[in-house]
Each structure stands twice: as C-alpha cells, then as structure tokens.
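Engineer: Can you look at this prediction? I've put the sequence above it.
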Amino acid sequence: MTDLKNKAAAASAEQADGSEPLLNVSGLVKHFPITKGVLKRKVGAVQAVDGLSFDVRPGETLGVVGESGCGKSTMGRLVTRLLEPTGGTIEFQGKDITHMSAGRLRPMRRDIQMIFQDPYGSLNPRHTVGGIVGTPFRLQGVTPEGGVKAEVQRLLELVGLNPEHYNRYPHEFSGGQRQRIGIARALALKPKLVVADEPVSALDVSIQAQVVNLLDDLQDELGLTYLIIAHDLSVIRHVSDRIAVMYLGKIVELADRGSLYEAPMHPYTKALMSAVPVPDPRRRGAKSERILLKGDVPSPISPPTGCRFHTRCWKATQICKTTEPPLIQLKTGHQVACHHPENGEDQAPGDAPLEADVITVAPAKAPEAPAPEAPAAPEAGVVKAPEAVETEAVEAAEVVEAAEAPEPEAEVSPKAAEPATGESPKAAEPATGESPKAAEPATGDAEGKTKE
Ligand SMILES: Nc1ncnc2c1ncn2[C@@H]1O[C@H](COP(=O)(O)OP(=O)(O)OP(=O)(O)O)[C@@H](O)[C@H]1O
Ligand code: SF4
Ligand SMILES: [Mg+2]
C-alpha cells in the first residue's frame with residue numbers, strides 16, 4: 001500500500017517535471033541480518049534502509065540528509081550496487097540493475113561512480129596518484145585517446161591538481177588534495193551519475209568550500225548528475241536542487257531546495273532546520289524558535305511502530321503510533337510522510353494526542369544571526385545538526401569561489417585522522433591500516449569491498 005503510494009508520488013513528480021529520471025529507486029530495502037552462535041542462526045536484522053522511493057533526474061543534484069545511522073551510506077552503496085538490496089528495485093536509465101550480476105554490471109560501472117567520505121582511507125597508499133586515477137581505465141580495459149598517462153594528467157588538471165604530481169603518493173597530499181584525487185578517479189570514465197558520500201565532511205571548513213565549488217564547476221562543465229549524501233544542512237543547501245530528508249531508514253520528506261528550506265512540512269525537518277543559524281544580517285537579533293528533540297534515535301533493529309519519529313515528535317497522536325504515514329505529495333513537487341504536517345493540510349484531524357513522554361520544544365533562544373558561534377549548548381539527544389560550522393561553510397562556499405589557494409598540509413579533522421592508524425597528517429610514511437574496502441572503489445566489485 002505504502003509502496004503503491006510512493007510509486008504514485010514519484011511518478012507524478014516525474015510527470016510534473018517532464019524529464020525521464022536517470023535513476024529510479026522504488027521501495028528499496030536493506031536489512032543486515034544479525035546472527036547468533038556457530039550455526040549463525042538469524043536472530044534479527046538491522047533495518048538500515050526500509051522502503052526508499054525516489055528518482056534522480058539528469059543534470060540535477062539530489063541531496064540526502066539525516067542523522068548519523070539513518071541509512072544514508074547504505075542507500076549510496078545500494079544505488080551503486082556495492083551492496084546487494086534485500087528488496088525493492090533500482091533502475092538506471094530505465095534498466096533494472098537491482099540484482100544484476102557483477103559481470104553484467106561491469107560496463108554499467110562506467111556510468112555510476114562513487115566519491116567516498118574519507119580521503120585518507122579511500123586511496124591506496126602504495127599506489128602513485130597516476131596509478132590510482134588510471135585504475136578505472138585498466139579495470140575497464142579502456143584506452144583513452146592520447147594514452148592513459150595524458151588522460152590522467154588532464155583529469156588532475158581538471159580537478160585543480162598539478163599534472164606534474166603524477167608520480168607522487170597520496171601521503172604527499174593534504175586532505176583537500178586527496179579528495180580531489182578521489183574526484184578525478186571518479187570522473188575518469190566520464191560517468192553519468194556520481195554518488196558522493198559525505199564528500200567534504202572530513203575536511204576543514206575552508207577546504208570544504210573549495211571542494212564543494214569544484215563539484216559545482218565540474219557539474220556545469222561535464223553535465224554530471226549528483227546524488228550527494230551529507231549530514232551538514234548548509235552543504236546540502238548549497239549544492240542541491242532537491243533534497244531528501246531521511247530518518248531511521250526512511251525518506252520522510254522530499255522537496256526542492258527552496259520549498260524545503262522556506263516551508264518544511266515534516267516535524268523532523270523543521271527540527272533540523274531550526275538548529276541552523278541563518279546568515280542573514282537583516283535578521284540580526286530576530287527571535288527564532290529552536291526545537292530540541294529529546295531522546296536518542298531509536299535502534300534500527302527494532303524501530304518504533306507507525307511513524308518511526310513518533311517517539312520524539314511533539315505533534316504525535318494515536319494514529320502516529322499505529323499507522324505508518326505514506327510518503328505522499330501534498331504540494332507540487334513536495335512529498336512528505338506525516339499525519340500532521342507543518343505548513344500543510346492535516347491528514348488526521350481530531351486524532352487524540354499521544355501521551356507525551358518525549359516531546360520538547362525548547363524556549364526560543366535567539367542566536368545573533370551572523371555570529372558563527374551562535375548555536376545553543378548541545379544537549380543529550382538533541383538533533384545532531386551541524387551547528388556553528390554551517391554558517392561558516394556556507395559563507396565560505398560563497399566567498400571562496402575556487403580561489404584555490406594552496407592547501408595547508410595539516411587540515412586533518414580528528415574524525416579523518418582516526419582510521420589511518422595514528423598517521424599524522426604530516427607523516428612521511430603512508431598509512432598501512434587502510435581498509436581494503438575503500439581502496440580502488442571506482443571500479444571494484446560489490447560485496448567484497450564493503451562492510452558486508
Ligand atoms: N555491514 C553492516 N552490517 C550491519 N549493520 C550495518 C552495516 N552497515 C551499516 N549498518 C547499520 O545500518 C545503519 C545505517 O548505517 P549507515 O552507515 O548507512 O548510516 P549513515 O546514515 O551513513 O550514518 P553516518 O552519518 O554516521 O555515516 C546503522 O545502524 C549501521 O550500524
Ligand atoms: S506522523 Fe505523527 S509522529 Fe510522525 S512526524 Fe507526523 S505528527 Fe509526528
Ligand atoms: Mg554514512
């Protein structure tokens with residue numbers, strides 16, 4: 001029933017736009033089994049992705065945003081077929097690739113490429129930059145005009161790196177430069193769709209702006225279509241044409257950027273938005289309502305019944321606990337899964353409120369709009385929105401505009417540094433604990449290189 005409604009909503013959005021989608025995802029499911037004992041008896045499942053339906057149209061950027069653990073990366077890996085879906089369908093250019101074998105997928109991999117979050121772990125430290133960016137040509141048996149070396153050097157130049165650095169190793173580059181190497185590798189085979197999983201979250205804010213602008217420029221130049229995953233609302237706002245908001249394995253709202261930011265309809269989206277300071281000098285001193293959600297995100301092993309957000313939603317009523325709201329189009333191009341949406345017609349008027357064991361709307365705290373250190377002190381269980389960093393990121397993204405100043409060597413965030421086995425950003429030796437799943441992802445075959 002829900003799936004049917006999802007399909008209908010996706011179809012009507014498509015008709016309204018008039019363009020055939022490049023990617024069409026319908027009812028996509030990924031459950032990771034939990035096993036016990038030597039016989040590996042299945043005792044449950046992590047419902048990481050549970051019925052996603054959306055499409056991506058040629059030339060657009062669809063941003064996907066949501067809290068940690070809501071299934072964003074799993075969705076990206078499913079779409080690129082690095083993971084095998086448990087259910088649903090994935091169509092690329094009208095062709096069903098949901099369960100396509102590795103052999104049949106191989107030519108398809110030229111058209112769908114992935115940029116990974118971690119610029120430190122996703123490049124093989126034993127290979128030169130030339131070898132890394134040239135790998136897709138070798139694996140696909142493609143010889144570009146002028147030879148692999150010339151093409152790799154062209155790609156390095158395209159992403160703002162010095163082609164003379166062809167023989168250097170990843171450890172000789174800064175984080176931002178490494179991410180550019182990852183982007184060059186993803187673009188090597190002239191893909192149609194690029195799935196970027198948190199492409200800038202491991203980078204320093206000023207470097208984030210450069211990489212975001214680079215992705216923008218490359219899209220214009222090469223006519224790329226992006227599916228960009230991020231938890232940073234300001235990055236998503238800057239890059240996306242349309243935005244999907246995920247909560248606990250589901251899309252709860254999907255709309256174009258203007259509509260979503262001006263009038264969010266899902267309470268969860270509203271809470272996320274309220275945590276973002278608005279860098280608008282005209283609103284200096286204006287009171288803004290900040291919604292603080294209490295409680296942790298429930299476990300995807302046993303998600304709440306009905307609406308998965310009902311345990312944290314201040315608008316929840318009885319129906320929210322028992323009946324899952326379908327993702328339906330309530331305004332043109334604006335889909336939402338909620339019985340009592342904001343800025344829209346109530347779908348279950350008069351329903352009795354749920355006993356409030358959760359629900360908190362904090363008193364308004366008025367952040368001085370342009371001040372970057374504005375956000376209120378974080379509380380346990382508060383929506384993990386990107387807070388102060390965001391304003392800086394947006395402003396920087398708009399101002400820096402590919403100023404391409406030489407990147408500082410040490411811009412490693414603690415998060416990025418972790419997986420590299422203690423490697424310091426300036427360390428001369430390459431990291432050796434790199435996860436094999438990340439190395440050579442551009443053309444790697446599915447399951448062997450993923451968490452599964
Ligand atoms: N291979 C796996 N086996 C079991 N569970 C997994 C696996 N991969 C992901 N999960 C679980 O699926 C859920 C979604 O994970 P996912 O990495 O997609 O989240 P995310 O939204 O990308 O989070 P983040 O923002 O932290 O990257 C999590 O609960 C995670 O623990
Ligand atoms: S369906 Fe109910 S619980 Fe879910 S977001 Fe809407 S109002 Fe809140
Ligand atoms: Mg992730």
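Structural biologist: Ah, there it is. Numbering: from 1, shown residues only. Ligands and ions are numbered 1, 2, ... in the order given.
Engineer: All the helices of the stretch 201-350 of the chain, residue numbers only.
Structural biologist: Remark: helices assigned in the stretch 201-350 of the chain by DSSP state H, counting those that start in this stretch are 205-222, 233-239, 257-262, 267-274, 318-322.
Engineer: Of these, flag the one that's most buried.
Structural biologist: helix 233-239 (a mean of 25; mean count of other C-beta atoms under 10 Å). C-beta coordinates here come from the backbone N, C-alpha and C atoms, glycine included.
Engineer: now that one: mean pLDDT?
Structural biologist: Helix 233-239 comes out with an average pLDDT of 90.
Engineer: And the strands in the stretch 1-150 of the chain, which stretches?
Structural biologist: 23-36, 41-56, 61-66, 87-92, 95-96, 112-115 (DSSP state E, counting those that start in this stretch).
Engineer: Can I get those strands in a markdown table including distance to residue 126, mean neighbour count and mean pLDDT?
Structural biologist: Compiled in a markdown table, the strands of the stretch 1-150 of the chain are given as follows (distance: least, C-beta to C-beta, whole Å; neighbours: other C-beta atoms under 10 Å; pLDDT from 0 to 100):
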| stretch | distance to residue 126 | mean neighbour count | mean pLDDT |
| --- | --- | --- | --- |
| strand 23-36 | 31 | 18 | 96 |
| strand 41-56 | 32 | 20 | 94 |
| strand 61-66 | 33 | 25 | 96 |
| strand 87-92 | 33 | 18 | 97 |
| strand 95-96 | 36 | 10 | 95 |
| strand 112-115 | 21 | 26 | 93 |
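Engineer: Output the ones you listed as CSV; include the columns distance to ligand 1.
Structural biologist: Formatted as CSV, the strands of the stretch 1-150 of the chain follow (distance: least, C-beta to the nearest ligand atom, whole Å):
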stretch, distance to ligand 1
strand 23-36, 3
strand 41-56, 3
strand 61-66, 6
strand 87-92, 15
strand 95-96, 23
strand 112-115, 13
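Engineer: if we can go back for a sec, looking at the helices of the stretch 201-350 of the chain, which is closest to residue 125?
Structural biologist: helix 205-222 (20.2 Å; C-beta to C-beta).
Engineer: confidence score at the residue in the stretch 201-350 of the chain positioned nearest to ligand 1?
Structural biologist: Going by C-beta to the nearest ligand atom, ligand 1 is nearest to residue 300 of the stretch 201-350 of the chain, at 4.7 Å. We have a pLDDT of 94 for residue 300.
Engineer: Might one say that it is in contact with residue 67?
Structural biologist: No - with contact defined as C-beta atoms under 8 Å, residue 300 does not reach residue 67; the gap is 11.4 Å.
Engineer: quick one on the thing from earlier: I'd like the helices of the stretch 201-350 of the chain as TSV, with distance to ligand 1 appended.
Structural biologist: Output for those, formatted as TSV (distance: least, C-beta to the nearest ligand atom, whole Å):
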stretch	distance to ligand 1
helix 205-222	16
helix 233-239	12
helix 257-262	19
helix 267-274	13
helix 318-322	22
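Engineer: Indicate which one of those helices is closest to ligand 2.
Structural biologist: helix 318-322 (3.2 Å).
Engineer: Quick check: which helices or strands does the closest one pack against?
Structural biologist: Here helix 318-322 touches no other helix or strand, going by 3 or more C-beta pairs under 8 Å, 6 or more residues apart in numbering; DSSP states H and E.
Engineer: For the strands of the stretch 1-150 of the chain, give me JSON lines that also has distance to residue 176.
Structural biologist: Conversion of the strands of the stretch 1-150 of the chain to JSON lines gives the following (distance: least, C-beta to C-beta, whole Å):
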{"stretch": "strand 23-36", "distance to residue 176": "28"}
{"stretch": "strand 41-56", "distance to residue 176": "26"}
{"stretch": "strand 61-66", "distance to residue 176": "20"}
{"stretch": "strand 87-92", "distance to residue 176": "30"}
{"stretch": "strand 95-96", "distance to residue 176": "36"}
{"stretch": "strand 112-115", "distance to residue 176": "13"}
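Engineer: which one of the ones you listed lies closest to residue 232?
Structural biologist: strand 61-66 (7.9 Å).
Engineer: got the contact list for that closest one?
Structural biologist: Strand 61-66 is contacted from outside by 54, 56, 72, 75-76, 219, 225-233, 236-237, 239-247, 257, 272, using C-beta atoms under 8 Å, 6 or more residues apart in numbering.
Engineer: by how many degrees do that strand and helix 267-274 diverge?
Structural biologist: 100 degrees (axes from the mean of the first three to the mean of the last three C-alpha atoms, to 10 degrees).
Engineer: Can you give the strand pairings for strand 61-66, parallel or anti for each?
Structural biologist: In the sheet, strand 61-66 lines up against strand 225-230 (parallel), strand 242-247 (parallel) (DSSP bridges).
Engineer: Tabulate these (JSON lines), appending mean pLDDT.
Structural biologist: Listed next are these as JSON lines, based on pLDDT from 0 to 100:
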{"stretch": "strand 225-230", "mean pLDDT": "96"}
{"stretch": "strand 242-247", "mean pLDDT": "97"}
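Engineer: Turn those strands into CSV, columns for mean neighbour count and distance to residue 93.
Structural biologist: Output for the strands paired with strand 61-66, formatted as CSV (neighbours: other C-beta atoms under 10 Å; distance: least, C-beta to C-beta, whole Å):
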stretch, mean neighbour count, distance to residue 93
strand 225-230, 25, 11
strand 242-247, 25, 19
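Engineer: And the pLDDT at the residue of the chain most remote from its centre?
Structural biologist: Distance from the C-alpha centroid of the chain, by C-alpha atoms, centre = their mean, peaks at residue 350 (36.6 Å). With respect to pLDDT, residue 350 scores 89.
Engineer: For the residue nearest to residue 156 when sequence neighbours are not counted, give me its contacts.
Structural biologist: Spatial nearest neighbour of residue 156, chain neighbours left out: residue 163 (4.9 Å); criterion: C-beta to C-beta, 6 or more residues apart in numbering. For residue 163, the contact set (C-beta under 8 Å, 6+ apart) comprises 153-154, 156-157.
Engineer: again, only this time at 10 Å
Structural biologist: 129-130, 149-150, 152-157 (C-beta atoms under 10 Å, 6 or more residues apart in numbering).
Engineer: Of these, which is the most crowded?
Structural biologist: residue 129 (28 neighbours; other C-beta atoms under 10 Å).
Engineer: State the distance from it to residue 171.
Structural biologist: Distance from residue 129 to residue 171, counting by C-beta to C-beta, to the nearest Å: 11 Å.
Engineer: Mind listing the shared neighbours of these two?
Structural biologist: 123, 178.
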